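S.K.: here is a sequence with its predicted model. Questions after.
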Amino acid sequence: MAKLSTVETTEMHTGGEPLRIIEKGYPEIKGNTILEKIRYLRENLDMYRKFLMWEPRGHYDMYGVLLVTPDIESADFGTIFLHNEGYSSMCGHAVIALGRYAVDKGLVKNPQTPETKINIQCPCGLVEAYVEYDGVKTENVRFRSVPSFVYATDVDVAVEGYGTVQVDVVYGGAFYALVPAERYGLKVRESSVEELRRAAGNTTDSLRRSYKVEHPESPDLEFIYGTIMTDGKDEFSDDPTANMCVFAEREVDRSPCGSGVTARTALQYFKGHRKIGQKRRFRGPSGAMFTTSVVKEVTYGKYKNAVVVEVSGKGHYSGSSKFTLEDDDEIGQGFILT
Ligand SMILES: O=C(O)[C@H]1NCC[C@@H]1O
């Protein structure tokens, strides 16, 4: 077992959703690809995730990222995302924050004005980020994710406490169930976070037990990451539409969820509610907004209805940390209260 050592981080958030960027102190992560590295982390270094994501240094809804060597040649750097239960395949709020971070910290050579392009390898594949930059300050970031596709519509799910609920299953770099909150008798902007968390979490649990998803490239990406409760306002409007993403082990995204709004945009396009290039705003639980548009249609493996979606928003710095552990501190290795 590796011994936990001092870890240094920069702290950011995008729309209130935290991003702990791990800079120093992690042991070597073995593996030739990012997906292999994730397997290595799970099997050998998971105590570091608990040390940084769980209490007393993190909390139930904490989120982080490790920057690693990419295995796609054109990528500037690779990413591994961490959360309360493990490691995720895609994270839009992290890409938005990391765009600024990469330019500000000099991770990209020759940054360009008014916009710098960065290729970020996420576990799901290559994501292009475009960072507004005036030569001094970094601002909004827009990113184009891996192809997103509608996997299935109107899937019946037996949800504990709510009966049978129909959801759509969509891939936006991760597989999500998308469902209007009113199908549970809830309102996405008015019901309590805990009620929404319970209904969404029970839906994810049921799908994970009984529903199989297939990914065109890797079995490692074949899992239901979470459930997104929406306000049901999918028909096009200049008004924003709200959603709340509950992912991993019932973790609540404070932001509109970058991969979640990618998936919602693909679904809206599939249902004829969006045209290519048409912009729409999405509001998350904190009130923060992301704007999305469909860039183009693409074929992704056997999925002919795939689209490339662009998402934009802004991340902010909130501090930096140096985390330590004393030899006799068992609780301090990490715990969460549920
Ligand atoms: O913005 C996103 O895509 C992420 N935020 C937390 C859950 C997702 O990974």
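M.R.: Looks like it arrived, so ask away.
S.K.: can you pull the contacts of Ile336?
M.R.: Taking Cβ atoms under 8 Å, 6 or more residues apart in numbering, we find Ile336 in contact with 54-55, 59-60, 84. Any C-beta I mention is one placed from the backbone N, CA and C, and that applies to glycine too.
S.K.: ok, the most centrally placed residue in the chain to Gly172 distance?
M.R.: For the chain, the residue sitting closest to the mean C-alpha position, by Cα atoms, centre = their mean, is Cys91 at 2.6 Å. Spatial separation of Cys91 from Gly172 under the definition Cβ to Cβ, to the nearest Å is 11 Å.
S.K.: any common contacting residues for those two?
M.R.: Taking Cβ under 8 Å, 6+ apart as the contact criterion, the residues that touch both Cys91 and Gly172 are Ser259.
S.K.: Leu66 is in contact with the residue nearest to the centre of the chain, correct?
M.R.: No - at 11.8 Å, Cys91 does not count as touching Leu66 under the criterion of Cβ atoms under 8 Å.
S.K.: who touches both of the two?
M.R.: Thr79.
S.K.: counting neighbours, what do you get for the residue in the stretch 101-250 of the chain that the ligand sits nearest to?
M.R.: Residue of the stretch 101-250 of the chain nearest the ligand, by Cβ to the nearest ligand atom: Phe247 (4.6 Å). Using other Cβ atoms under 10 Å, Phe247 is surrounded by 28 other residues.
S.K.: show me what contacts the nearest residue to it once chain neighbours are set aside?
M.R.: Setting aside the residues directly before and after it, Phe247 is nearest to Gly226 in space (Cβ to Cβ, 6 or more residues apart in numbering), at 3.1 Å. Contacts for Gly226 were tallied using Cβ under 8 Å, 6+ apart; they are 174, 176-177, 200, 204, 245-248, 251, 260.
S.K.: make it 7 Å
M.R.: Contacts for Gly226 were tallied using Cβ atoms under 7 Å, 6 or more residues apart in numbering; they are 176, 204, 245-248.
S.K.: want to throw those into CSV with pLDDT and secondary structure?
M.R.: Output for the contacts of Gly226, formatted as CSV (pLDDT from 0 to 100; DSSP: H, G, I helix; E, B strand; the rest coil):
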residue, pLDDT, secondary structure
Tyr176, 98, strand
Thr204, 98, helix
Cys245, 98, strand
Val246, 98, strand
Phe247, 98, strand
Ala248, 98, coil
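S.K.: which one of the residues you listed is nearest Ser312?
M.R.: Cys245 (17.3 Å; Cβ to Cβ).
S.K.: report the beta-bridge partners for that closest one.
M.R.: In this structure, Cys245 has beta-bridge partners Ile228, where bridges are defined by DSSP bridges.
S.K.: am I right that it is in contact with Gly260?
M.R.: Yes - Cys245 is in contact with Gly260 according to Cβ atoms under 7 Å; the separation is 4.2 Å.
S.K.: neighbour count: those two, which is higher?
M.R.: Neighbour totals were compared for Cys245 and Gly260, and Gly260 leads with 34 against 31 (other Cβ under 10 Å).
S.K.: contacts only, for Ala248.
M.R.: Going by Cβ under 7 Å, 6+ apart, Ala248 touches 83-86, 88, 226.
S.K.: what do you get if the cut-off is 8 Å, keeping everything else the same?
M.R.: For Ala248, the residues meeting the contact criterion (Cβ under 8 Å, 6+ apart) are 83-86, 88, 225-226.
S.K.: which of those are buried, as a PyMOL select command?
M.R.: Selecting in PyMOL just the buried members of these, where the criterion is 16 or more other Cβ atoms under 10 Å, is done with this command:
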select buried, resi 83+84+86+88+225+226
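S.K.: give the buried residues for stretch 315-331.
M.R.: For stretch 315-331, the neighbour count (16+ other Cβ under 10 Å) marks 315, 323, 325 as buried.
S.K.: my bad, should have said stretch 28-47
M.R.: In terms of neighbour count (16+ other Cβ under 10 Å), stretch 28-47 has its buried residues at 29, 31, 33-35, 37-38, 41, 45.
S.K.: next: stretch 218-229.
M.R.: Using 16+ other Cβ under 10 Å as the test for burial, stretch 218-229 gives 220-221, 223-229.
S.K.: show me what the helix or strand containing Ala242 packs onto, helices and strands only.
M.R.: Assigned by DSSP states H and E, Ala242 belongs to strand 241-247. Strand 241-247 is packed against helix 193-210, strand 224-230, strand 251-252, helix 258-270, strand 280-283, with contacts defined by 3 or more Cβ pairs under 8 Å, 6 or more residues apart in numbering; DSSP states H and E.
S.K.: any part of the shortest one near the ligand?
M.R.: This means strand 251-252. No - applying Cβ under 6 Å from any ligand atom, one finds that strand 251-252 is not in contact with the ligand, the shortest distance being 7.3 Å.
S.K.: quick one: contacts of stretch 73-81?
M.R.: When contacts are taken as Cβ under 8 Å, 6+ apart, the neighbours of stretch 73-81 outside the stretch itself are 29, 34, 37-38, 41, 63-72, 87-91, 94-95, 98, 102, 107-108, 118-123, 126.
S.K.: rewinding a little: pipe the contacts of Gly226 into JSON lines and attach distance to Gly277 per row.
M.R.: Compiled in JSON lines, the contacts of Gly226 are given as follows (distance: Cβ to Cβ, whole Å):
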{"residue": "Tyr176", "distance to Gly277": "24"}
{"residue": "Thr204", "distance to Gly277": "32"}
{"residue": "Cys245", "distance to Gly277": "25"}
{"residue": "Val246", "distance to Gly277": "30"}
{"residue": "Phe247", "distance to Gly277": "29"}
{"residue": "Ala248", "distance to Gly277": "33"}
